[in-house]
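below is the structure, and that's it, no one-letter string:
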């Protein structure tokens with residue numbers, strides 16, 4: 001039963017994320033954006049938050065795609 005649950009969790013993760021690099025790239029990007037939004041010291045970067053989010057997501061996906069195509 002535990003093995004079936006672990007398999008199900010892996011399949012759900014693969015469906016939604018597909019790759020740890022994508023997952024952690026997006027997590028890191030969201031943490032940076034939250035820091036920009038909440039920390040007064042980073043207030044000057046707020047106009048760039050959308051671009052940073054787009055670039056972080058795109059770089060995560062490109063990194064994963066390069067790894068997939070090399071294999």
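On my side now, so go ahead. What you are looking at is a predicted structure, and each value in this text was computed from that prediction instead of being measured.

tell me the contacts of residue 53?
The contact partners of residue 53, by Cβ atoms under 8 Å, 6 or more residues apart in numbering, come to 29-30, 33. (C-beta placed from N, C-alpha, C; glycine too.)

and if you look at residue 52?
Contact partners of residue 52, counting by Cβ under 8 Å, 6+ apart, are 29, 32-33, 36, 45.

how about residue 25?
By Cβ under 8 Å, 6+ apart, residue 25 lies in contact with 56-57, 59-61, 63-64.

put together TSV for the contacts of residue 52, with neighbour count, pLDDT and secondary structure on each row.
Output for those, formatted as TSV (neighbours: other Cβ atoms under 10 Å; pLDDT from 0 to 100; DSSP: H, G, I helix; E, B strand; the rest coil):
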residue	neighbour count	pLDDT	secondary structure
29	19	95	helix
32	16	95	helix
33	18	95	helix
36	19	94	helix
45	16	93	helix
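
ok, and the closest non-adjacent residue to the residue nearest the centre of the chain?
Centroid-nearest residue in the chain, with Cα atoms, centre = their mean: residue 26, separated by 1.5 Å. Using Cβ to Cβ, 6 or more residues apart in numbering and skipping residues adjacent in sequence, the residue nearest residue 26 is residue 60, 5.7 Å away.

need the per-residue pLDDT for that neighbour.
Listed pLDDT for residue 60 reads 88.

which strand or helix spans it?
Here residue 60 sits within helix 49-70, counting by DSSP states H and E.

give me the distance from that helix to the chain's centre.
The gap between where helix 49-70 is centred and where its chain is centred comes out at 8 Å by Cα atoms, centre = their mean, to the nearest Å.
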